[in-house]
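>>> here you go, sequence then predicted model.
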Amino acid sequence: MKTYRYRVPTTVHLKEGAIQNLFACFPPLGRRPLIVCGHHSARTTGALEVLLRQMPEAIVFEDVEANPSDTTCERGAAFCRQRGCDWIMGLGGGSPIDAAKAIALLAPHGGLCRDYYAQAPDTALPLVAIPTTAGTGSEVTPYSVLVDTTEKAKRTLRGEMLFPRHAILDPLLTVSMPRAVTIATGLDALSQGMEGLVSRFSTEVGDVLALEVCRLVKQWLPVAVQAPENVEARGQMLHAAMLSGCVIAQSRTTLVHSLGYYYTLEFGIAHGLANALLLAPVFRYNARHAPDKVAALAAALGVRCPATPDAAAGAITRAIHALLGELGVSPAAEDAGVRTDRLPEFAAQIYQDRSRFTTQPGDPNEEDVRQFFLDSAEGA
Ligand SMILES: [Fe+2]
């Protein structure tokens, strides 16, 4: 019998219009909140205005960029202290929510993000997450993924204190997401579910959720893309994204995310799309080591097959390519701007960093990693 530990302490509130009456969901967590958001979505969705009407005492930090940097979070923490804020609200996509977590950690303790990658203090300011995209699941995870500006690499702060106390999932906040953001973030949820299922740290609870994530994304992501105002589809995708967060909160992500970070940092490809472009190559490899799990994933995505390595590898490739086709996305990373001449260099760098392989099933060597990249570039 496998042993596992499964814990997600965040209270999730899924309700159309939930932010209109926020304190019906939870009482204020302090005297003065800092609302952490980006430049655009918080204002274009009208969400910031709605929150400020209910919390006129709130202070706004709206400098968070896509793929938030350590320096932005350090500035945000100093601002939080200066303005006397004692609780944090992350409003936006994964980037503002991850930045909000880092600020919640740094504001009371001081220091720099890089002081805490290895080990973080076990307290942080209380945090509420309000996603305006459906994909990262950050609203229910204990992770904050940041760009380390010194190393030009993604690094992760992690710890129980980074779990938001509450996650407010309001489908109306996601209806105005641009098509490309809907696709990329939805594919991040898919990738997280799939990776969580095969991770060495997978749990029996998370496995059930992971397959449900695949079913939900297959059914509802194309609907949300074709009919952006379909509130049912938006709610189902918020639900799927939250479930994918519950999965990786325990099992973490695997090589797909590690490789995808290179596509994002080097070629500016959106995080979720970067992952999606690597799924088929990495999961063909995973099929050799966990054919039953990969066959179950393919089935959840609508392609049934026997649980043998070859059958599962073929089925998962067909299932992913079919979904990308339905979304109008080319499976070839070259079409998204990836340059193949850089890929061997990335493979060598990733292979050197053994921490990237902790969760990955099998034991891929440098040549395998290079092949994942090359197959992804070609859309194989
Ligand atoms: Fe992700």
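Cool, got the structure.

>>> C-alpha from now on. contacts and neighbour counts both.
Will do.

>>> which stretches of the stretch 51-200 of the chain form helices?
Using DSSP state H, counting those that start in this stretch, the helices of the stretch 51-200 of the chain run over 70-82, 94-109, 179-198.

>>> highest mean neighbour count out of those?
helix 94-109 (a mean of 29; mean count of other CA atoms under 10 Å).

>>> going by residue numbers, what spans are helices in the stretch 251-380 of the chain?
Under DSSP H, counting those that start in this stretch, the stretch 251-380 of the chain gives helices at 255-267, 271-289, 291-300, 309-326, 343-352, 366-378.

>>> would CSV of these with mean pLDDT, mean neighbour count and distance to Ala47 be doable?
Output for those, formatted as CSV (pLDDT from 0 to 100; neighbours: other CA atoms under 10 Å; distance: least, CA to CA, whole Å):
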stretch, mean pLDDT, mean neighbour count, distance to Ala47
helix 255-267, 96, 21, 27
helix 271-289, 98, 25, 23
helix 291-300, 98, 23, 34
helix 309-326, 98, 20, 31
helix 343-352, 96, 17, 39
helix 366-378, 98, 20, 37
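
>>> redo these as CSV? Include distance to Val128.
CSV is the format used below for those (distance: least, CA to CA, whole Å):
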stretch, distance to Val128
helix 255-267, 25
helix 271-289, 23
helix 291-300, 32
helix 309-326, 33
helix 343-352, 34
helix 366-378, 37
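
>>> which one of those helices lies closest to Ala99?
Closest to Ala99 of the helices of the stretch 251-380 of the chain, according to CA to CA: helix 271-289, at 15.6 Å.

>>> dump the closest one to PDB, restricted to CA.
C-alpha atoms of helix 271-289 as PDB (Å, rounded to 0.1, in the frame of the first residue of the first chain):
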ATOM      1  CA  HIS A 271       3.600  29.500 -19.500                       C
ATOM      2  CA  GLY A 272       0.700  27.200 -20.200                       C
ATOM      3  CA  LEU A 273       1.300  27.000 -23.900                       C
ATOM      4  CA  ALA A 274       4.900  26.300 -23.300                       C
ATOM      5  CA  ASN A 275       3.900  23.300 -21.200                       C
ATOM      6  CA  ALA A 276       1.400  22.100 -23.700                       C
ATOM      7  CA  LEU A 277       4.000  22.000 -26.500                       C
ATOM      8  CA  LEU A 278       6.100  19.600 -24.400                       C
ATOM      9  CA  LEU A 279       3.300  17.300 -23.200                       C
ATOM     10  CA  ALA A 280       3.300  14.800 -26.100                       C
ATOM     11  CA  PRO A 281       7.100  14.200 -26.200                       C
ATOM     12  CA  VAL A 282       7.500  13.900 -22.400                       C
ATOM     13  CA  PHE A 283       4.400  11.700 -22.000                       C
ATOM     14  CA  ARG A 284       5.500   9.300 -24.700                       C
ATOM     15  CA  TYR A 285       8.600   8.800 -22.400                       C
ATOM     16  CA  ASN A 286       6.300   8.600 -19.300                       C
ATOM     17  CA  ALA A 287       4.300   5.800 -21.100                       C
ATOM     18  CA  ARG A 288       7.400   3.500 -20.800                       C
ATOM     19  CA  HIS A 289       7.400   4.000 -17.000                       C
END
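
>>> which ones are touching the residue sitting nearest the centre point of the chain?
Residue closest to the average C-alpha location in the chain (CA atoms, centre = their mean): Thr136, at 2.5 Å. Thr136 sits next to Gly93, Gly94, Thr185, Asp188, Ala189, Ala241, Met242, Ser244, Gly245 when contact means CA atoms under 8 Å, 6 or more residues apart in numbering.

>>> brilliant, that's me finished.
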